[in-house]
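**Student:** Quick one, structure for this:
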Amino acid sequence: MAEKPQPVQVLYCGVCGLPAEYCEFGPDFEQCKPWLAQNSPDLYPDLFQGSAGNDADKVSDQLKSTSISSDAGSSKAKEEEVKRLPGGKIKKKEKPEVIIEKMTRNKRKCITTVKGLELFGVKLSDASKKLGKKFATGASVVKGPTEKEQIDVQGDISYDIVEFITEIYPVVPESAIFFIEDGKKVSAG
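**Tutor:** Residues are numbered from 1 along each chain as shown. This next block holds a predicted model:
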């Protein structure tokens, strides 16, 4: 017969109470280091070989924090603008633009969707009320597929709506309004 497997002996940290190999993920790894150096130095050999690696880390952190330009304030503003995605990709800041899209439902019924008005500081609830009164249709604020709020207006008012938006909200330039026709983005201006 096969022998019964013996239970594994786990060494628990005397500081944080986690298994010693998981101390680095615990809340106070810096406090665990002396205990680990004394009780199980073989688990983290890189940690206890010397401080040469730590000095290199400190120097690289210092280089990252310093800037070459004389105006340190502008470099911080640039860092806030650029967001980094996982993998080091840079996320570009969205340009404020209004996108108008016409969708058909039930063959003859149309819905005009207005996206991006909130980027210009327009309250969507007020804008939907004004659109509903102006065009004598139902207009509501709904969450779109991208979890951003948009205005749905009943009826095909896509070309009249550009003039209305630029009249009522002078903050929105006509060059920032786009239509989506046949899957392509077309400028309204």
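**Student:** helix, strand or coil for K102?
**Tutor:** Under DSSP: H, G, I helix; E, B strand; the rest coil, K102 falls in the strand class.
**Student:** surely it meets G155?
**Tutor:** No: counting by CB atoms under 8 Å, K102 stays clear of G155, with 9.5 Å between them. Using the backbone N, CA and C atoms, a C-beta is placed for each residue, glycine as well.
**Student:** Now for those two: what residues contact both?
**Tutor:** The contact sets of K102 and G155 overlap at 110-112 (CB atoms under 8 Å, 6 or more residues apart in numbering).
**Student:** how about these in TSV, adding distance to V172, secondary structure and neighbour count?
**Tutor:** As requested, these are arranged in TSV below (distance: CB to CB, whole Å; DSSP: H, G, I helix; E, B strand; the rest coil; neighbours: other CB atoms under 10 Å):
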residue	distance to V172	secondary structure	neighbour count
C110	23	strand	15
I111	21	strand	16
T112	16	strand	23
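**Student:** residues near C23, how many?
**Tutor:** Each residue near C23 was counted by other CB atoms under 10 Å, and the total is 24.
**Student:** The one 5 residues further on too?
**Tutor:** Other residues within reach of D28 by the criterion other CB under 10 Å amount to 11.
**Student:** I'd guessed it sits against G17; true?
**Tutor:** No: using CB under 8 Å, D28 is not in contact with G17; the gap is 10.7 Å.
**Student:** Between the shared contacts of K102 and G155, which sits nearest C32?
**Tutor:** Closest approach between these and C32, by CB to CB: I111, at 59.6 Å.
**Student:** Let me see the confidence value for L131.
**Tutor:** L131 carries a pLDDT value of 90.
**Student:** Likewise for T66?
**Tutor:** 60.
**Student:** again, but for I90
**Tutor:** The model's pLDDT for I90 equals 68.
**Student:** can you check Q49 too?
**Tutor:** At Q49, pLDDT is 61.
**Student:** Now do the helices in this structure.
**Tutor:** Counting by DSSP state H, the chain has helices at residues 29-39, 45-48, 52-65, 72-81, 124-135, 158-168.
**Student:** With just CA atoms, put the first one into PDB.
**Tutor:** By that I understand helix 29-39. Output of helix 29-39 as PDB, limited to C-alpha atoms (Å, rounded to 0.1, in the frame of the first residue of the first chain):
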ATOM      1  CA  PHE A  29       6.700  43.800   5.300                       C
ATOM      2  CA  GLU A  30       9.300  46.300   6.600                       C
ATOM      3  CA  GLN A  31       8.600  45.100  10.200                       C
ATOM      4  CA  CYS A  32       8.700  41.400   9.100                       C
ATOM      5  CA  LYS A  33      12.200  41.700   7.500                       C
ATOM      6  CA  PRO A  34      14.300  41.400  10.700                       C
ATOM      7  CA  TRP A  35      12.200  38.300  11.800                       C
ATOM      8  CA  LEU A  36      12.600  36.800   8.300                       C
ATOM      9  CA  ALA A  37      16.400  37.400   8.300                       C
ATOM     10  CA  GLN A  38      16.700  35.600  11.600                       C
ATOM     11  CA  ASN A  39      14.300  32.700  11.100                       C
END
